[in-house]
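Visitor: Next come a sequence and a model predicted from it.
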Amino acid sequence: MDEIAFEGRTYIVLRDHIGNLPLIVVKAKKGYVACSYIDKKTAENVGDVAAFVAGVKEIEDLKKAKIRHATSWAEDLGIREGMSVKKALEIMDADTP
């Protein structure tokens, strides 16, 4: 496991080469941001607060990535397409219910 930091907040990063591209998932308190290897439909069906990015090959790429889509559970928290990964993680990490 690795870590990524955004302005003082540190998040756990799960990263593994499972095929031609790495699987990358960043975990926050209430959910996660994942590369497109993770299926949105499955995440939606199981009730995950999840947002997804594409074109991310390295952990550092996440710092520049934008959210491409999110589950309805993530949208209910305010996560939207085009939002920065940093902002999405802040929302998922907030202490508010």
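Guide: Thanks, I have the structure now.
Visitor: CA atoms for contacts and neighbours, from now on please.
Guide: OK.
Visitor: which phi and psi does Leu14 have?
Guide: Main-chain dihedrals, Leu14, degrees, to the nearest 10: phi -100, psi 130.
Visitor: now do Arg15
Guide: Backbone torsions of Arg15, given as degrees, to the nearest 10, read phi -140, psi 130.
Visitor: show me the contacts for it.
Guide: Going by CA atoms under 8 Å, 6 or more residues apart in numbering, Arg15 touches Met1, Asp2, Pro22, Leu23, Ile24, Val25.
Visitor: Same list as before, those residues that is, but in TSV and with distance to Val53 included.
Guide: Output for the contacts of Arg15, formatted as TSV (distance: CA to CA, whole Å):
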residue	distance to Val53
Met1	19
Asp2	18
Pro22	13
Leu23	11
Ile24	10
Val25	10
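Visitor: and those residues, which are buried?
Guide: Taking 16 or more other CA atoms under 10 Å as the criterion, what is buried in the contacts of Arg15 is Pro22, Leu23, Ile24, Val25.
Visitor: All set now, cheers.
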